[in-house]
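Novice: Compute the structure for the input listed below.
(one chain, ligands or ions: 1)
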Amino acid sequence: MAAIIMDGKTLGLKIRERVKEKVLTLKEKGIIPCLAVVLVGENPASVSYVNSKEKALAEAGMESRDLRLPESTTEDQLLSIISDLNKDKNVHGILVQSPVPNHIDEEKIIFSIAPEKDVDCFHPLSVGNMVLDREGFLPCTPHGVLLLLREYNIPVSGANVVIIGRSNIVGKPLANLLIRREYNATVTLCHTGTKDIAHHTLQADILIVAAGKPEFVKSNMIKEGSVVIDVGINRVPDSSAKKGYRVCGDVDPEVSEKAAFFTPVPGGVGPMTIALLLQNVAEAAAAIMTVKK
Ligand code: NAD
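Specialist: From the prediction side, this is the model:
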């Protein structure tokens, strides 16, 4: 039987509608939520991500401070720009699009963002708060995965969840969130050092893949009736496509014949990430209001 498709586009739009209402309330109080979006260089995938984030901000009634910097921008110049944004009372969130060029130390840049404006939840203070179950921003993509599971009433408590990928933006935070008491999952985190990945994936009630490897997970690697969440977004050359490439996930869509639930790419986790970024910006702006009171 074919899997139920987990529709991140529709759920993402619902979240964006709620954010829009929150923005209206903030505007009545004289606050226009604003995200500074910093892009260094012209990496085509990054340009496209930044464009869609800015479009989404505008649609939600928010402002964006669009900072497109040349590839030659130095680390000191970037640090100085972030320092100004940290001080700017009209900017509530700061996003530096990853990756930055090789001559810039990305970690140094992330650490320089004021934690109260760290809407991506990449700063060590934000990450620490998340791991310790303290209040703070949740990282957008992992949060999106959790909300999709909730929307489709997938039982997570006690489930065997296998994650492929240990990045700081997806695998690591997701594992940390899923072991919270409120989710109560048993988590296995696989990575490039894992021996016999299929041995683990075949045990998964819920398999979450964030490896950055096009269609890496095949049908023979998943358990019948499992939930498969594909976080991957890959561009693979395709001469028959208008743009010369096609976008695919880290999971071969053939698994939808064996899985019970499956996220499509595009239209699964991706739209959730943007929606939750908007939500974090609105929350950052609302927090400023609380401080002002
Ligand atoms: P990354 O490259 O930083 O990390 C990939 C991880 O996968 C690594 O930890 C590595 O150990 C693991 N890995 C790679 N190949 C493996 C293999 N053969 N076997 C086992 N483990 C393997 O990637 P990332 O930033 O976490 O992104 C992963 C994917 O998710 C990419 O396709 C990216 O474009 C996508 N992504 C999507 C969203 C979204 O909004 N949907 C957000 C972030 C990332």
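Novice: Taking the stretch 1-150 of the chain, what residue is nearest to the ligand?
Specialist: Thr141 (4.1 Å; C-beta to the nearest ligand atom). No exception for glycine: its C-beta is placed from N, CA and C like everyone else's.
Novice: I'd assumed Val170 was in contact with that residue.
Specialist: Yes. Applying C-beta atoms under 8 Å, one finds Thr141 in contact with Val170, separated by 5.3 Å.
Novice: still on that earlier bit, distance check, the residue of the stretch 1-150 of the chain closest to the ligand against Glu107.
Specialist: Remark: distance between Thr141 and Glu107 (C-beta to C-beta, to the nearest Å) = 19 Å.
Novice: so what's in contact with Thr141 and Val170 at the same time?
Specialist: Common neighbours of Thr141 and Val170 (criterion: C-beta atoms under 8 Å, 6 or more residues apart in numbering): 210, 231.
Novice: count of neighbours near Gln203?
Specialist: As a burial measure, Gln203 scores 14 neighbours (other C-beta atoms under 10 Å).
Novice: Using the three-state scheme, assign it.
Specialist: Of the three states, Gln203 takes coil under DSSP: H, G, I helix; E, B strand; the rest coil.
Novice: so who does the spatially closest residue to it that is not a sequence neighbour touch?
Specialist: Spatial nearest neighbour of Gln203, excluding adjacent residues (C-beta to C-beta, 6 or more residues apart in numbering): Asn160 at 5.4 Å. For Asn160, the contacting residues are 185-186, 188, 203-206, by C-beta under 8 Å, 6+ apart.
Novice: any chance of these in JSON lines, with pLDDT and distance to Ile4 too?
Specialist: Putting the contacts of Asn160 into JSON lines (pLDDT from 0 to 100; distance: C-beta to C-beta, whole Å) gives the following:
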{"residue": "Ala185", "pLDDT": "98", "distance to Ile4": "20"}
{"residue": "Thr186", "pLDDT": "98", "distance to Ile4": "23"}
{"residue": "Thr188", "pLDDT": "98", "distance to Ile4": "24"}
{"residue": "Gln203", "pLDDT": "98", "distance to Ile4": "21"}
{"residue": "Ala204", "pLDDT": "98", "distance to Ile4": "17"}
{"residue": "Asp205", "pLDDT": "99", "distance to Ile4": "15"}
{"residue": "Ile206", "pLDDT": "99", "distance to Ile4": "14"}
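Novice: I'd like to know which of those are buried.
Specialist: Listed as buried from the contacts of Asn160 are 185, 188, 204-206; burial here means 16 or more other C-beta atoms under 10 Å.
Novice: need the residues of the stretch 101-250 of the chain near the ligand, please.
Specialist: Taking C-beta under 6 Å from any ligand atom as the measure of proximity, the stretch 101-250 of the chain contacts the ligand at 141, 164-167, 169-171, 190-192, 194, 197, 210-213, 231-234, 250.
Novice: Which positions in the helix or strand bottoming out on mean pLDDT in the chain come out as buried?
Specialist: Within the chain, no helix or strand scores below helix 269-292, which has a mean of 89 by mean pLDDT, DSSP states H and E. Of the residues in helix 269-292, 269-286, 288 count as buried by neighbour count, 16+ other C-beta under 10 Å.
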